[in-house]
Structures are given as structure tokens and as C-alpha cells.
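A.B. asks: Kindly generate the corresponding structure for this input.
(one chain, ligands or ions: 2)
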Amino acid sequence: MASVFEQTIARNERIEPRDEMPDAYRATLVRQIAQHAHSEIIGMQPEGNWISRAPSLRRKLVLLAKVQDEAGHGLYLYSAAETLGVSRDELDEMLRTGRQKYSSIFNYPTLTYADVGTIGWLVDGAAICNQVPLCRTSYGPYGRAMIRICKEESFHQRQGYELLMTMMGGTDAQRAMVQESVDRFWWPALMMFGPPDDDSPNTAQSMAWGIKRNTNDELRQKFVDMTVPQAKALGVTLPDPDLVWNEERGAHDFGQPDWEEFWQVVKGNGPCNAQRLAHRRRAHDEGAWVREAASAYAARSQHD
Ligand SMILES: [Fe+2]
Ligand SMILES: [Fe+2]
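C.D. replies: Ligands and ions are numbered 1, 2, ... in the order given. Got it, this is the predicted structure:
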């Protein structure tokens with residue numbers, strides 16, 4: 001006879017924190033939600049790099065708000081992970097010691113202000129494709145966190161696109177800056193969906209549990225089909241000679257990213273892995289006094 005857990009999944013209903021669940025389901029969720037939370041937090045770095053050098057007060061305000069949103073996303077997600085019986089301290093330590101991963105995209109540098117636009121357009125755009133189906137994920141707290149996150153991600157995507165649109169209406173040098181940025185970020189953005197399906201052994205189980213709703217390749221295809229008309233409207237070229245509309249499939253054919261590079265970045269050998277983790281560790285150490293003061297204050301308030 002099917003367990004209560006299996007029946008709940010079969011009815012497409014939600015698993016909640018106090019429900020019984022298989023250990024492997026819990027472990028998979030902790031890993032996935034933690035990795036997602038870490039990505040939000042580490043993802044603040046490449047763009048935070050530009051806050052002090054934003055070209056106008058308006059751009060500075062928009063970028064500050066966006067980076068702050070990412071901190072908020074990290075917090076909702078750590079809270080969702082905590083409902084599975086892990087503490088935020090444990091998860092944070094796993095990030096700082098490199099035992100848990102974050103998205104490979106944040107190990108690429110931001111070299112120009114156009115990268116702020118490209119990240120909003122392509123990186124937040126890819127994140128939206130990945131995350132919208134997660135609003136229907138089988139674990140309640142994760143799905144509910146994703147609803148708010150997705151609303152904010154769509155603001156991020158639009159602010160990036162608007163920035164690039166503005167630059168494309170500027171000088172030749174600004175247009176060249178946008179194209180160069182898109183050339184660097186296109187392939188890493190495609191890698192955000194993870195390895196091809198035949199190289200993604202956990203996908204089938206995650207889909208059977210209702211954690212994942214689409215395969216990596218399905219989501220990558222959706223992203224490409226969504227992005228091509230946007231690139232055209234913007235006036236940039238996507239750097240893939242194999243990118244072409246396939247009438248029969250009703251979808252675009254496109255080339256494969258360099259998967260060897262992807263695995264290297266995942267293993268810690270990307271251009272900025274060491275820098276990102278070093279920065280995170282330094283921020284943690286420098287924040288020790290804040291944590292101590294907050295704990296001391298909380299302890300004292302309890303006595304009063
Ligand atoms: Fe986010
Ligand atoms: Fe975002």
C-alpha cells in the first residue's frame with residue numbers, strides 16, 4: 001500500500017514540515033534549497049561590485065534595491081530550509097567551507113556597467129524560467145517562498161533590459177559594450193539550467209517527487225525561445241552560429257555550451273570562485289560583533 005507521503009504526491013498536494021517524508025526527499029530538498037539560498041547571497045557580489053560606481057543616482061538606487069532583494073531571497077530560502085530541520089548556521093558554514101555549492105554563473109566577473117544590465121536580462125531571466133515552475137513544487141514552504149521571489153525576479157529582469165535598451169540608444173561605444181557583455185554571459189546563462197538531461201542522474205527522482213517540474217533541457221529550450229525575440233528588439237546578436245528557428249519543432253535549435261568549462265567552474269576552478277568565497281568568509285568574520293551584539297540584546301530582552 002502506498003504511504004501517506006506517496007498518496008499526497010500522487011494527488012499533487014503539498015508536503016508540509018511536520019508531515020512524514022522519506023529521508024532522501026528531505027535531503028534532496030535541503031541540498032536544493034540551500035544551494036538556491038547560497039546563490040542568492042553570493043549573487044549579490046558581482047553586481048554589488050558596481051553600486052559605488054553606478055553612472056547616476058537613479059541607476060544606483062535601482063541597483064541597490066535589486067541587490068537588497070537578493071539578500072531577502074536568501075533569507076526566505078534559508079527559512080524554508082530550516083523547516084526541514086537544519087539551522088541557518090549549519091547551512092552558512094557549509095557555504096563558507098565549500099561543502100555546498102551555489103550557481104556557477106556567479107563565478108564569472110562583472111567587467112563593465114553593461115554587465116549589470118546583462119545579468120538582469122539574461123541571468124535573472126534564466127532564474128525566472130527555472131523558478132516559476134518551482135512555485136508548484138511539492139514542498140509547501142519552498143513553493144510559497146518562490147511565489148514572492150518570482151515577482152521580484154521579474155522586476156530584476158525588466159530593470160536589466162531597460163538598462164540595456166538605454167545603452168543601445170546611446171553611442172557606438174555603449175552599443176559595443178552591451179554586445180561584448182552579451183557575448184560573455186550568453187553561454188554561462190545557458191549553463192544555469194544544469195547539465196543536459198542524459199547527464200543529470202537526479203532529475204528523474206526529483207520529478208517523481210514533484211520537486212522539479214521540468215527537465216534541464218526543457219527549461220533551457222524555453223529560455224532560448226523567450227530570449228531570441230528580446231535580443232532582436234534590443235539589437236544585439238546572440239553569439240551562437242547554430243541558433244536557428246526550427247519550423248518543424250516550433251522551437252529554436254541552438255548550440256551546446258562548453259560543458260567541460262561548466263564542470264570546471266562547479267569544481268571550484270572558475271574565474272572568481274576563490275574570490276567569491278574569500279569575500280563571503282571575510283564578511284562573516286567582520287559581522288561577528290553584530291551577531292554577538294544581537295544575541296546579547298535578545299538574551300537581555302528575554303529577562304525583562
Ligand atoms: Fe533572487
Ligand atoms: Fe534577481
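
A.B. asks: Could you use CA atoms for every contact and neighbour count after this?
C.D. replies: Will do.

A.B. asks: Would you map the helices across the stretch 51-200 of the chain?
C.D. replies: 57-82, 88-96, 114-118, 124-131, 140-168, 172-191 (DSSP state H, counting those that start in this stretch).

A.B. asks: Of the ones you listed, which is nearest Val224?
C.D. replies: helix 172-191 (8.2 Å; CA to CA).

A.B. asks: tell me the pLDDT at the residue nearest to Gly235 when sequence neighbours are not counted?
C.D. replies: Excluding the flanking residues, the one nearest Gly235 by CA to CA, 6 or more residues apart in numbering is Met168, at 7.5 Å. The confidence metric pLDDT takes the value 98 at Met168.

A.B. asks: residues touching Met168, list them.
C.D. replies: Listed by CA atoms under 8 Å, 6 or more residues apart in numbering, the contact set of Met168 reads 174-175, 178, 234-235.

A.B. asks: Check these against Asn49 and report the nearest one.
C.D. replies: Proximity of those to Asn49 (CA to CA) peaks at Val178, which lies at 17.9 Å.

A.B. asks: Pull the number of nearby residues for that closest one.
C.D. replies: 25 (other CA atoms under 10 Å).

A.B. asks: do you know how far the residue nearest to Gly235 is from ligand 2?
C.D. replies: Separation of Met168 from ligand 2 (CA to the ion, to the nearest Å): 22 Å.

A.B. asks: again, but for Lys212
C.D. replies: Per CA to the ion, Lys212 is found 20 Å from ligand 2.

A.B. asks: How about Phe193?
C.D. replies: With the distance defined as CA to the ion, Phe193 ends up 15 Å from ligand 2.

A.B. asks: what residues are up against the nearest residue to that residue once chain neighbours are set aside?
C.D. replies: Leaving aside its sequence neighbours, Phe193 sits nearest to Asn216 (CA to CA, 6+ apart; 5.2 Å). Asn216 sits next to 193-197 when contact means CA under 8 Å, 6+ apart.

A.B. asks: List buried residues within those.
C.D. replies: The neighbour count (16 or more other CA atoms under 10 Å) marks 193-196 as buried among the contacts of Asn216.

A.B. asks: Out of those residues, flag the one nearest to ligand 2.
C.D. replies: Closest approach to ligand 2 among these (CA to the ion): Phe193, at 15.4 Å.

A.B. asks: tally of neighbours for Lys267?
C.D. replies: The tally of other residues near Lys267 (other CA under 10 Å) stands at 13.

A.B. asks: Wait, a helix at it?
C.D. replies: Yes - according to DSSP: H, G, I helix; E, B strand; the rest coil, Lys267 belongs to a helix.

A.B. asks: how near is it to ligand 2?
C.D. replies: 24 Å.

A.B. asks: Which residue does the stretch 101-250 of the chain have closest to ligand 2?
C.D. replies: Glu153 (4.5 Å).

A.B. asks: pLDDT wise, what is the residue lying closest to Gly117 once chain neighbours are set aside at?
C.D. replies: Excluding its sequence neighbours, the residue lying closest to Gly117 (CA to CA, 6+ apart) is Gly160, at 3.9 Å. You'll see Gly160 listed with a pLDDT of 97.

A.B. asks: Please name the residues that touch Gly160.
C.D. replies: Here Gly160 is in contact with 116-121 (CA under 8 Å, 6+ apart).

A.B. asks: Closest to Arg18 out of the residues you listed?
C.D. replies: Minimum distance to Arg18 across these is 36.9 Å, recorded for Gly120 (CA to CA).

A.B. asks: Thought Leu164 was touching that closest one, still the case?
C.D. replies: No - counting by CA atoms under 8 Å, Leu164 is not a contact partner of Gly120; they are 9.4 Å apart.

A.B. asks: residues in the stretch 101-250 of the chain within reach of ligand 2, list them.
C.D. replies: Contact residues (CA under 5 Å from the ion) of the stretch 101-250 of the chain with ligand 2: 124, 153.

A.B. asks: what about stretch 159-176, start to end distance?
C.D. replies: Start and end residues of stretch 159-176 are separated by 20 Å (CA to CA, to the nearest Å).

A.B. asks: contacting residues for the closest residue to Leu91 other than its chain neighbours?
C.D. replies: Excluding its sequence neighbours, the residue lying closest to Leu91 (CA to CA, 6+ apart) is Ala34, at 6.7 Å. Ala34 makes contact with 77-78, 81, 91, 100, according to CA under 8 Å, 6+ apart.

A.B. asks: Now render those residues as a markdown table, adding distance to ligand 2.
C.D. replies: As requested, those are exported to a markdown table (distance: CA to the ion, whole Å):
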| residue | distance to ligand 2 |
| --- | --- |
| Leu77 | 13 |
| Tyr78 | 16 |
| Ala81 | 19 |
| Leu91 | 21 |
| Gln100 | 20 |
